[in-house]
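let me see the structure of the following:
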Amino acid sequence: MLKISGLTTHYGSSQALFGIDLEIGTGEVATLLGRNGMGKSTTINSIMGIVTASGGSITFDGQELVGHASFKTANLGLGLVPEGRQIFPNLTMLENLIATASNHLGVPDPWTTDRVFDLFPELATRKSSMGNLLSGGEQQMLAIGRALMTNPKLLILDEATEGLAPLVRQKIWDALNLVARENMAILVVDKNLKDLLKIANRNYIIQRGKIVWNGTSDALRQDRDALHNYLGV
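Numbering: from 1, shown residues only. I've put the predicted structure just below:
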């Protein structure tokens, strides 16, 4: 579904990505792992067209994304849950969901507000609450629900559970499990390795703008060198 080949990205004269190769199949859950500042968010922003790639190829369902405006990329079926949530603070929770609702691809059973509330019952009681009055966990649930309301084929989450309490993190992982069972592909960035490996089919580790390891969750659990060298603190 998503294929990245030789992706390079610059910020001015500074190169951030050095030939990234990454693939995600239909219905597959993949992770992008690495320490802070290694290029995870830059990779995601390059996929979404928020940052313009300077070289290489990003194809989604056979269509080239490099050079596409972000809204055109989103309309092809990529839904982003950005780092920091970035919900609309001056809209209610319900208005946040409605603002992004679309079904450009004609999904037969699209995501609706009711489906989002089934996934995150906590949100159903906060419909009229302004975005900036929601807790951090509620904002993250809303950010995920907002992305799902675009009815994407691929859901991308940048720091899926950063800064959240353990109970809220578990609710997020449970929700992503349910979404994955509906055959939606997911690319997720997060630091909670134990939880990530439970849901991921394949994992990529990025180090200084390069993919230095990829493989299954079982393979990563057993690769102590990779865990220590690339993910250890």
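
which helix is the longest one in the chain?
helix 166-181 (DSSP state H).

show me which residues of that helix are buried.
168-169, 171-173, 175-176, 179-180 (16 or more other C-beta atoms under 10 Å). Glycine gets a C-beta too; all of them are placed from N, C-alpha and C.

also stretch 58-69?
Neighbour-count burial for stretch 58-69 [16+ other C-beta under 10 Å]: 58, 60, 65-66, 68.

now do the end-to-end distance for stretch 43-53.
One end of stretch 43-53 sits 9 Å from the other (C-alpha to C-alpha, to the nearest Å).

what does that stretch contact?
Stretch 43-53 is contacted by residues 2, 4, 7-9, 11, 17, 20, 22, 32, 42, 58, 65-70, 72-74, 78, 80, 156, 158, 187, 189, 206 when judged by C-beta atoms under 8 Å, 6 or more residues apart in numbering.

and with 7 Å instead?
The contact list for stretch 43-53 (C-beta atoms under 7 Å, 6 or more residues apart in numbering) reads 7-9, 17, 20, 32, 42, 58, 65-66, 68-70, 73, 78, 80, 156, 158, 189, 206.

if we can go back for a sec, C-terminal to the longest helix of the chain, what's the next element?
strand 185-189 (DSSP states H and E).

what about that following strand, average pLDDT?
Average pLDDT, strand 185-189: 97.

also stretch 128-146?
Mean predicted confidence for stretch 128-146 is 95.

in it, what's buried?
129-131, 134, 137-146.

next: stretch 112-123.
113, 116-117, 119-120, 123.

give the phi and psi angles for Leu65, as a check.
Main-chain dihedrals, Leu65, degrees, to the nearest 10: phi -100, psi -20.

need the contact list for Gly163.
Counted by C-beta under 7 Å, 6+ apart, Gly163 has contacts Gly136.

related to what we said a few turns ago, which of the buried residues of stretch 112-123 fall in helices?
With helices taken from DSSP H, the overlap with these comprises 113, 116-117, 119, 123.
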